[in-house]
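Undergrad: Below: sequence and its predicted model.
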Amino acid sequence: MALPPTYLADRAKCVDKALDQFLPRATVKPVTIHKAMRYSLFAGGKRLRPILALAAAEACGGSIEKALPAACAVECIHTYSLVHDDLPCMDDDDLRRGRPTSHKVFGDGIAVLAGDALLTIAFEILAQAEATPRYKTAALIRELADASGSRWLIAGQVLDLESEGKPITREQLKFIHRAKTAALLTSSIRLGAMSANATEARLKNLTDFGQALGLAFQIIDDILDVTQTTEKLGKTAGKDVQAVKATYPAIFGLEPSRKEAHRLTNAAMAALAPFGEKGAALHSLADHLLAREY
Ligand code: GRG
């Protein structure tokens, strides 16, 4: 099934509306920090993680409304990681989501604090998620803390920083990609499912789906870095080569990387089999991510 033509735009609009309500207005003091948080959050990100969270909730028979706090929380974590990743002490990037990066507009100090504030508000938002018979709100909070903490998202960034310019093994690269990208993507899907009171079996199916899709997503990101332009990506193309970063195309070659992304996407889709028709949107989203050009 192809996604209805307005599916992605409609879902992104719904997430944007909820984020706008969860975040302090830009006029709340201190104005600078709220402006900076909103600047990066509403810079035109694709909203893939929240869209996956909402689709996972629906696949488990739940509602969009109940999944929105989880969907918004993961987007705040994702945006914080991008703001910090772009800082001069990390990847030192000038462009993100087609706009000058936060530190270019607000200065390094406010960019650090805007990232910190987005990280913090993610948990404030998630704390507003309703408990279900199988999952207390604290279980959702713990899920997101685990994926975004020092064992996964931050671990990926640490290893990424430490391995710059050094040779690493294929297994090390796979771990960096799993930690830096697949863990939060998987957690987005799991949180959507948890807010829909998913059974243990369905949560396991969606974990398998997310892990395969998340790795495919980062491999495609690596491929796009060497095959697309800065204009198309809305961020500096060729940055990985310039920083001598270990990527799938650099270690496995471009064609084998494409094949691996296909193989993983098929594996992700196979994990959806128990959902039958209810998994159709997630299946189409996996197809969409494989074919993406930015
Ligand atoms: C600084 C704690 C910390 C972590 C940084 C996420 C990350 C780790 C670094 C950002 C750069 C990078 C290559 C991230 C991998 C995940 C990824 C492909 C991000 C881009 O996600 P998209 O394409 O971006 O969904 P938009 O802007 O559309 O939301």
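TA: Received the coordinates, thanks.

Undergrad: Show me what stretch 250-266 is in contact with.
TA: 168, 170, 173, 212-213, 215-216, 219-220, 222-223, 226-227, 240-241, 248-249, 286-287, 289-290 (Cβ atoms under 8 Å, 6 or more residues apart in numbering). The C-beta positions use only the backbone N, C-alpha and C, and glycine is treated the same way.

Undergrad: Looking at it now, give me its mean pLDDT.
TA: Across stretch 250-266, the average pLDDT comes to 95.

Undergrad: Now look at it and say if it contacts the ligand.
TA: No. Stretch 250-266 lies apart from the ligand when judged by Cβ under 6 Å from any ligand atom; the minimum separation is 12.6 Å.

Undergrad: in that stretch, what's buried?
TA: Going by neighbour count (16 or more other Cβ atoms under 10 Å), the buried part of stretch 250-266 is 250, 251, 252, 257, 258, 260, 261, 264, 265.

Undergrad: Roughly how far does the nearest residue to residue 195 once chain neighbours are set aside sit from the ligand?
TA: Of all residues not flanking residue 195 in the chain, residue 67 sits nearest, at 4.5 Å (Cβ to Cβ, 6 or more residues apart in numbering). Residue 67 is 18 Å from the ligand, where distance means Cβ to the nearest ligand atom, to the nearest Å.

Undergrad: In terms of secondary structure, what does the helix or strand hosting residue 281 contact?
TA: Assigned by DSSP states H and E, residue 281 belongs to helix 280-291. If contacts are counted by 3 or more Cβ pairs under 8 Å, 6 or more residues apart in numbering; DSSP states H and E, helix 280-291 sits against helix 48-59, helix 200-227, helix 254-270.

Undergrad: how about residue 100, phi and psi?
TA: Note on residue 100: its backbone torsions stand at phi -60, psi 140 [degrees, to the nearest 10].

Undergrad: mind listing the strands for this protein?
TA: With DSSP state E as the criterion, the chain has strands at 95-96, 99-100.

Undergrad: for the ligand, what are the nearby residues on the stretch 1-150 of the chain?
TA: 45, 46, 48, 78, 81, 82, 84, 85, 97.

Undergrad: Give me the buried entries from the residues you listed.
TA: 45, 48, 78, 81, 82, 84, 85, 97.

Undergrad: Check the burial of the nearest residue to the last one once chain neighbours are set aside by counting its neighbours.
TA: Here the nearest residue to residue 97 in space, its sequence neighbours aside, is residue 43; by Cβ to Cβ, 6+ apart that works out to 3.9 Å. The number of residues packed around residue 43, counting by other Cβ atoms under 10 Å, is 17.
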